[in-house]
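K.L.:
task: produce atomic coordinates for the following.
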Amino acid sequence: MSIKEKTSEEVLIKEEVKTQNEIVLYNDEVNTFDHVIETLIHACDHTAEQAEQCSLIVHYKGKCTVKTGLYDDLKPRCSVLLKAGLSAEII
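P.N.:
Numbering: from 1, shown residues only. Next up, the predicted model:
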C-alpha cells in the first residue's frame with residue numbers, strides 16, 4: 001500500500017485596484033439641449049441617443065453621471081465640458 005502525499009502551494013496574486021471616478025454634469029439655465037448634446041458627443045464619445053438621454057436626466061433631475069473611468073481619462077474630458085460652458089465635476 002502506498003501513501004500519496006498532496007502538497008498545496010499558496011500563490012499570492014497581486015491585484016491592482018483601480019478606482020473608478022465619474023464626471024457629473026449639472027443642470028443650468030444657460031445652455032441649450034442641442035449644445036449639451038453636441039458637447040457630450042464630442043467630449044464623452046456618447047452616441048446621439050446617450051447624449052440626449054443624459055441631457056434630459058440633467059434637466060429633470062439636476063445632475064447626471066455622464067462618464068465613468070480612470071481620473072487620467074476623465075480629466076481632459078471634463079475640461080472640454082467646462083470650456084464649453086457646462087457645469088461638471090469629477091467625483
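K.L.:
bridged to the most centrally placed residue in the chain, which residues?
P.N.:
Geometric centre of the chain, nearest residue: T68, 1.4 Å, by Cα atoms, centre = their mean. T68 has these beta-bridge partners by DSSP bridges: E22.
K.L.:
my guess is it meets N21, correct?
P.N.:
Yes. If you go by Cβ atoms under 8 Å, T68 and N21 touch, sitting 7.0 Å apart. Glycine gets a C-beta too; all of them are placed from N, C-alpha and C.
K.L.:
list the residues that contact the residue nearest to the centre of the chain.
P.N.:
By Cβ atoms under 8 Å, 6 or more residues apart in numbering, the residues touching T68 are Q20, N21, E22, I23, L74.
K.L.:
and the pLDDT for the spatially closest residue to the first one that is not a sequence neighbour?
P.N.:
Counting by Cβ to Cβ, 6 or more residues apart in numbering, T68 is the residue found nearest to Q20 once chain neighbours are left out, at 5.2 Å. We note a pLDDT of 98 for T68 in this prediction.
K.L.:
all helices for the protein, in order.
P.N.:
For the chain, applying DSSP state H gives helices covering 33-44, 48-61, 71-83.
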